[in-house]
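Peer 1: need a structure here:
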Amino acid sequence: MLGFPTHPVDSYRFFVGNGINKLFERVLPEGYKTKHKILEMRQLFIQHYSLHNTEKSYPYPGIPELLGKLHKTGILLAVASNKYHEGTRKLINHYFTGIPFVKVLGQREGIVIKPDPYIIHEICAAAQVSKEETLYAGDSGVDMQTALNAGVSVCGVTWGFRPRAELESFHPDYIVDNADEIRNIVLL
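Peer 2: Below is the predicted model:
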């Protein structure tokens, strides 16, 4: 839309993870990484993504079943994302209609993004649970660092956007290769 070069789809797994403004900064060519250009891209992106975000997004295998099982056992569930807030809520409402999440939070104006622990503290307060009762699962170094910063247990998942080695470098409490392994950790 703005005439910039494109990137291979697989490259985006290393562009995402720190919020959409950082995504645009990473994909823009040198000399165009200005605040003005990032905000212009953000505006166009949100208009497009708001209409099309469920077209190529889908839950990872086993996640809907995992969330359903955890909910039925009384486990409180929440979402903490660096995806912009409205986009996060739309995806969750589309794919997980039967799950009453305590909170679904994305990137919001004026709120620091992960790896700052603010979003985790906000969720723990809303759920009225302690850090010791919290397990944070994520697929990136940003997620691992967020959990470490928040002082909660962390589980790296290998089916997401980043390689296992990135997760391992943060020494998480757990690393899992499928959704059932999370259930086993939570329901010990």
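Peer 1: can you tell me which strand in the chain is longest?
Peer 2: strand 78-84 (DSSP state E).
Peer 1: Now do that one: everything it contacts.
Peer 2: Residues outside strand 78-84 that contact it (Cβ atoms under 8 Å, 6 or more residues apart in numbering): 17-20, 46, 88, 91-92, 101-107, 113-114, 119-120, 123, 126-127, 136, 142, 146. The way it works is simple: take the backbone N, C-alpha and C, and place the C-beta from them, glycine included.
Peer 1: can you dump the C-alpha coordinates of the longest helix anywhere in the chain into PDB?
Peer 2: The residue-count maximum for a helix in the chain (DSSP state H) belongs to helix 35-52. This file holds the C-alpha atoms of helix 35-52, laid out as PDB (Å, rounded to 0.1, in the frame of the first residue of the first chain):
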ATOM      1  CA  LYS A  35       7.700   7.700  14.000                       C
ATOM      2  CA  HIS A  36       5.500   9.300  11.300                       C
ATOM      3  CA  LYS A  37       6.000   6.400   8.900                       C
ATOM      4  CA  ILE A  38       5.400   3.800  11.700                       C
ATOM      5  CA  LEU A  39       2.200   5.500  12.700                       C
ATOM      6  CA  GLU A  40       1.000   5.700   9.100                       C
ATOM      7  CA  MET A  41       1.600   2.000   8.700                       C
ATOM      8  CA  ARG A  42      -0.100   1.300  12.000                       C
ATOM      9  CA  GLN A  43      -3.200   3.100  10.900                       C
ATOM     10  CA  LEU A  44      -3.400   1.200   7.600                       C
ATOM     11  CA  PHE A  45      -2.600  -2.100   9.200                       C
ATOM     12  CA  ILE A  46      -5.300  -1.800  11.900                       C
ATOM     13  CA  GLN A  47      -7.900  -0.900   9.200                       C
ATOM     14  CA  HIS A  48      -7.000  -4.000   7.200                       C
ATOM     15  CA  TYR A  49      -6.300  -6.400  10.100                       C
ATOM     16  CA  SER A  50      -9.600  -5.400  11.800                       C
ATOM     17  CA  LEU A  51     -11.500  -6.800   8.800                       C
ATOM     18  CA  HIS A  52      -9.200  -9.800   8.000                       C
END
